[in-house]
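K.L.:
Pasted the sequence and its predicted model underneath.
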Amino acid sequence: GADFAVSANTFRFLYEATMRRVDARASYSFNDGYYATLLAQLGDALQLVEVTDASGLLVAAALIMEHGEVQHYHLSGSDPDAAKQGANNLLLWTAMLHGAGRGNRTFLLGGGLKGEDALYRFKRSFGGQRLAFEATGYVIDEDAYASRTADLARVLRVSPESLLESSFFPAYRSS
């Protein structure tokens, strides 16, 4: 409802500020339609988890997706000073506890961006099992998919075919 919309806008501001701070690729920026589709398609299976400071200011937030008994950590953002004080750890712990209360048995954090980078090491610090992961997907709009893949291929100075032949999906987000 309206409360989710207000919180989602605050989350988005924090997420986008985090992506700018870490100099994330443009493919980690999402338009209004992306968030609207997430909410429309997932409904109650999309959870917004927030951490506020003593004054009530949002300092960390994440979007968590649920499927069956599994939570999937999707997007998050945090204030850099609050992150240094453990806000991201509290955020993930809160998400895990909330999910357990909803009957979830597994929390998937995902990996890093490249190999065992700082993001991967942060996620790994929570323990658990290291699992192989593969994702599949469907291309709904083939023209848009081909166009975005060709755009990345030009930037990387490779052929679109080489991106499409890799095991990375979607090909336009590989690098």
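P.N.:
Here it is on my side, so go on.

K.L.:
Share the number of residues neighbouring Leu42, please.
P.N.:
Leu42 has 15 neighbouring residues, counting by other CB atoms under 10 Å. The way it works is simple: take the backbone N, C-alpha and C, and place the C-beta from them, glycine included.

K.L.:
Equivalent analysis for Ala62, please.
P.N.:
A count of nearby residues for Ala62, using other CB under 10 Å, gives 23.

K.L.:
now Phe30
P.N.:
What Phe30 shows, counting by other CB under 10 Å, is a neighbour count of 15.

K.L.:
Three-state assignment for it, please.
P.N.:
coil (DSSP: H, G, I helix; E, B strand; the rest coil).

K.L.:
So for it, what's the pLDDT?
P.N.:
Note for Phe30: predicted pLDDT of 88.

K.L.:
Got phi/psi on it?
P.N.:
Backbone geometry at Phe30, expressed as degrees, to the nearest 10, gives phi -130, psi 140.

K.L.:
tell me which element Tyr138 is part of?
P.N.:
Following DSSP states H and E, one finds Tyr138 outside all helices and strands.

K.L.:
Okay, it and Tyr145: tell me how far apart.
P.N.:
10 Å (CB to CB, to the nearest Å).

K.L.:
How about Leu164?
P.N.:
In terms of CB to CB, Leu164 sits 9 Å off from Tyr145.

K.L.:
Touching both of these two, which residues are there?
P.N.:
Ala171 (CB atoms under 8 Å, 6 or more residues apart in numbering).

K.L.:
can you give me the strands in this protein?
P.N.:
Per DSSP state E, the chain carries strands over the ranges 46-52, 58-67, 70-78, 106-108.

K.L.:
Including mean pLDDT and distance to Thr149, could those strands go into CSV?
P.N.:
Putting those into CSV (pLDDT from 0 to 100; distance: least, CB to CB, whole Å) gives the following:
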stretch, mean pLDDT, distance to Thr149
strand 46-52, 91, 27
strand 58-67, 93, 25
strand 70-78, 91, 22
strand 106-108, 84, 26
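
K.L.:
most neighbours per residue, which of these?
P.N.:
strand 58-67 (a mean of 21; mean count of other CB atoms under 10 Å).

K.L.:
Dump that one to PDB, keeping only the CA atoms.
P.N.:
This file holds the C-alpha atoms of strand 58-67, laid out as PDB (Å, rounded to 0.1, in the frame of the first residue of the first chain):
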ATOM      1  CA  LEU A  58      16.900   5.100   7.400                       C
ATOM      2  CA  VAL A  59      20.600   3.900   7.200                       C
ATOM      3  CA  ALA A  60      20.300   0.500   5.500                       C
ATOM      4  CA  ALA A  61      17.700  -1.200   3.400                       C
ATOM      5  CA  ALA A  62      17.300  -4.300   1.200                       C
ATOM      6  CA  LEU A  63      14.800  -5.800  -1.100                       C
ATOM      7  CA  ILE A  64      14.400  -9.500  -0.400                       C
ATOM      8  CA  MET A  65      12.400 -11.900  -2.700                       C
ATOM      9  CA  GLU A  66      10.800 -15.000  -1.400                       C
ATOM     10  CA  HIS A  67      10.000 -18.200  -3.200                       C
END
